[in-house]
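In: Following is a predicted model, sequence given first.
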2 protein chains.
Amino acid sequence: MRRSQRIAAITKALVERPHHVYSLSGFAEQFAAAKSTISEDLNLIRQTFEAMRSGRVETIAGAAGGVRYIPCVSGRKLWQRVDALCRRLEEPQRILPGGFLYLNDLAASPATIAEIGEVFAVRFAPERPQYVTTIETAGIPIALMTAHALNVPLVVARRSSRPTEGSVLTVNYESGSSRRFETMSLSRRDLPAKARVLLMDDFMRAGSTMRGMLNLMNEFDCQVVGKAVLIETLQPEVKQVQDCIALIQLEEVDEENRRLRVKPSHWVESKRDVDELL
Amino acid sequence: MRRSQRIAAITKALVERPHHVYSLSGFAEQFAAAKSTISEDLNLIRQTFEAMRSGRVETIAGAAGGVRYIPCVSGRKLWQRVDALCRRLEEPQRILPGGFLYLNDLAASPATIAEIGEVFAVRFAPERPQYVTTIETAGIPIALMTAHALNVPLVVARRSSRPTEGSVLTVNYESGSSRRFETMSLSRRDLPAKARVLLMDDFMRAGSTMRGMLNLMNEFDCQVVGKAVLIETLQPEVKQVQDCIALIQLEEVDEENRRLRVKPSHWVESKRDVDELL
């Protein structure tokens, strides 16, 4: 195989499984090449990704060593992605009776969701989450794509338990919008104790659902290393959870005049002029 | 940029967005290279993927032309993936009270789900589905990864409608296992009439849920071009829907002796010795 062909094959393997550690000797065997040759190939791929500001190729030294692809974006690209999403969210036909927003089409587009998942993976990879946890249903696509970009399992809490789950642990929480008590359940088998968990949802108003997930994680004796939502509302200002990272802030839904205002969150805005990879 | 670097960059772009059509002049501009040079790069990538039996690079001629990556696997690799899944499914600790099977950990692993989604995409790409439709909750990860590999939107029917959906269309169906009538709803906005739809779920016993989705698609005046499930049970033999493609057949769950038997489906078995890309 020629160098350019090895590079195509190795790039495909790396990109298809972010964060997965491939051994250099595995590649060397597969392509019948010396390990030093594979190292040179990887250097070329690393330089290319860096020049394009799209991802890192990281070499891990030692016996258990190898190489892995870590999704990264520049701050500028992050801001552009989120800003483009904001423009789509501002379409007035999204406003539903009661001031709710129609968002299904965003969660429906795999390319969009993959980009959002990559952004969350970039933000939370340093916290080394071992699981991504969400609650059914709307948050699942974003959470799955984030889990994919982090190469960790996805865990989905249910609003009602089913016999296909085995023994479950259930917590109650007061829903902020309906002022009703709701439940969420998770199979005992889904999560081991002490796991490092990233909590995710698509939308946060007062944060009661996120608060419920936090309580559930406490019951599982897990460590929450991050909380993330795609969209948070500006009101109420005081949320039931702290330190939740949102990509988008929903400022206002004016149902009567069919206008809404959304903008990139403070975190995203703070990265706007960063040309380096995050 | 050197050839090997262009090849790394182009391979990354192609693999990250399966079925997305990139224009050759776009690549030529991005890398400040002649279109003929980009064509040669693409030829090298195409040959490499074919030699590795992992995907096609397809050139589309004409004004709206370009190049796209189509996930493909050989029949042999398909069989190996499904057989490995069967071995994991046979673990006796999966058997839950009532003879149900614990499957959450499979849906939890993004790498596994991505492989399954790729297999379904390979099988159904020739039917040119424009949407993948499933019902919450367990089928969502597989359906999303299939939609991602096909580059089409995912549509998720709900068991109960919510105000964030807008106007919905609801159908009733008799659940095979509980003999109860259940409902499924889909927002009017989620699907246009006449769309070509692939129906997916994780598990099928009698097929009543799939039957319900079929009725729902009729109400939307959509055309169902394929039906797929990860696992179907051998019993009952007569299903409520025809022509559903399963990857795995569940032959028996012996709760008392804690034994279960699963095997690749007839379709998967028929591909076992096929070395060519499907």
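Out: Thanks, I have it. Predicted, not measured: the structure shown is a model, and the values here were computed from it.

In: distance of the closest residue to A:F27 other than its chain neighbours from chain B?
Out: Spatially, and ignoring its direct neighbours in sequence, A:F27 is nearest to A:I38 (4.8 Å; C-beta to C-beta, 6 or more residues apart in numbering or on different chains). Every residue, glycine included, has its C-beta placed from N, CA and C. Per C-beta to the nearest C-beta, to the nearest Å, A:I38 is found 13 Å from chain B.

In: A:I38 in helix, strand or coil?
Out: Taken by DSSP: H, G, I helix; E, B strand; the rest coil, the conformation at A:I38 corresponds to helix.

In: Give me the pLDDT for it.
Out: Confidence at A:I38, expressed as pLDDT, is 95.

In: Verify the stated contact: A:I70 with A:A125.
Out: Yes - between A:I70 and A:A125 there is a contact under C-beta atoms under 8 Å: 6.7 Å.

In: so what sits against both of the two?
Out: A:H19 (C-beta atoms under 8 Å, 6 or more residues apart in numbering or on different chains).

In: re the thing from before, tell me if I'm right that the residue nearest to A:F27 and A:G26 touch.
Out: No - at 9.3 Å, A:I38 does not count as touching A:G26 under the criterion of C-beta under 8 Å.

In: more neighbours, these two?
Out: For A:I38 versus A:G26, neighbours defined as other C-beta atoms under 10 Å in any protein chain shown are more numerous around A:I38 (23 against 13).

In: before we move on, back to that, for the residue nearest to A:F27, give its distance to A:V67.
Out: With distances taken as C-beta to C-beta, to the nearest Å, A:I38 is found 9 Å from A:V67.

In: hey, what's in contact with both of the two?
Out: Joint contacts of A:I38 and A:V67 (C-beta under 8 Å, 6+ apart) are A:L24.

In: buried set for the host helix or strand of A:D41?
Out: Secondary structure from DSSP states H and E places A:D41 in helix A:35-51. Of the residues in helix A:35-51, A:I38, A:E40, A:D41, A:L42, A:L44, A:I45, A:R46, A:Q47, A:T48, A:F49 count as buried by neighbour count, 16 or more other C-beta atoms under 10 Å in any protein chain shown.

In: Not counting residues beside it along the chain, what's closest to the last one?
Out: In this case it means A:F49. Here the residue nearest A:F49, using C-beta to C-beta, 6+ apart, is A:G55, at 4.5 Å.

In: How many neighbouring residues does that neighbour have?
Out: Using other C-beta under 10 Å: A:G55 sits among 24 other residues.

In: from what I can see it touches A:K77, true?
Out: No - the criterion here is C-beta under 8 Å, and A:G55 misses it with A:K77 at 11.1 Å.

In: Need the three-state assignment for the residue lying closest to A:M210 once chain neighbours are set aside.
Out: Closest residue to A:M210 apart from its sequence neighbours, by C-beta to C-beta, 6+ apart: A:V241 at 4.7 Å. Of the three states, A:V241 takes coil under three-state DSSP.

In: What residues does A:V241 make contact with?
Out: Neighbours of A:V241 in contact, by C-beta under 8 Å, 6+ apart: A:G207, A:M210, A:R211, A:L214, A:K227.

In: what about it, distance to chain B?
Out: From A:V241 to chain B the distance is 21 Å (C-beta to the nearest C-beta).

In: Likewise for A:E90?
Out: 17 Å.

In: what's that residue sitting at in phi/psi?
Out: phi -80, psi -10 (degrees, to the nearest 10).

In: Is it in contact with A:R261, as I believe?
Out: Yes - at 7.3 Å, A:E90 and A:R261 qualify as touching, with contact defined as C-beta under 8 Å.

In: So A:V132 belongs to a strand, correct?
Out: Yes - A:V132 forms part of a strand when assessed by three-state DSSP.

In: beta partners of it?
Out: A:L154, A:L198 (DSSP bridges).

In: Contacts only, for it.
Out: A:A143, A:L144, A:T146, A:A147, A:L150, A:V152, A:P153, A:L154, A:V155, A:V197, A:L198, A:M200.

In: Filter the residues you listed down to the buried ones, PyMOL style.
Out: Of those, the buried ones go into a single PyMOL selection, burial set by 16+ other C-beta under 10 Å:
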select buried, chain A and resi 143+144+146+147+150+152+153+154+155+197+198+200
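
In: Output the contacts of A:V132 in JSON lines; the columns should cover pLDDT.
Out: JSON lines is the format used below for these (pLDDT from 0 to 100):
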{"residue": "A:A143", "pLDDT": "98"}
{"residue": "A:L144", "pLDDT": "97"}
{"residue": "A:T146", "pLDDT": "98"}
{"residue": "A:A147", "pLDDT": "98"}
{"residue": "A:L150", "pLDDT": "97"}
{"residue": "A:V152", "pLDDT": "97"}
{"residue": "A:P153", "pLDDT": "97"}
{"residue": "A:L154", "pLDDT": "98"}
{"residue": "A:V155", "pLDDT": "97"}
{"residue": "A:V197", "pLDDT": "98"}
{"residue": "A:L198", "pLDDT": "98"}
{"residue": "A:M200", "pLDDT": "98"}
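
In: Can you name the two of the contacts of A:V132 that sit furthest apart?
Out: A:L144 and A:V197 (15.1 Å; C-beta to C-beta).

In: Centroid-nearest residue for chain A?
Out: A:T146 (3.0 Å; C-alpha atoms, centre = their mean).

In: got the domain boundaries for chain A?
Out: The record's domain split for chain A, according to automatic domain parsing, is A:3-70, A:75-269.

In: who wins for proximity to B:L278 among those domains?
Out: Closest among the domains of chain A, using C-beta to C-beta: domain A:3-70, at 17.8 Å.

In: burial count for A:R56?
Out: Neighbours of A:R56 using other C-beta under 10 Å come to 13.

In: count of residues packed around the closest residue to it other than its chain neighbours?
Out: The shortest distance from A:R56 to any residue other than its chain neighbours is 4.5 Å, reached at A:I70 (C-beta to C-beta, 6+ apart). Neighbour count for A:I70, taken as other C-beta under 10 Å: 19.
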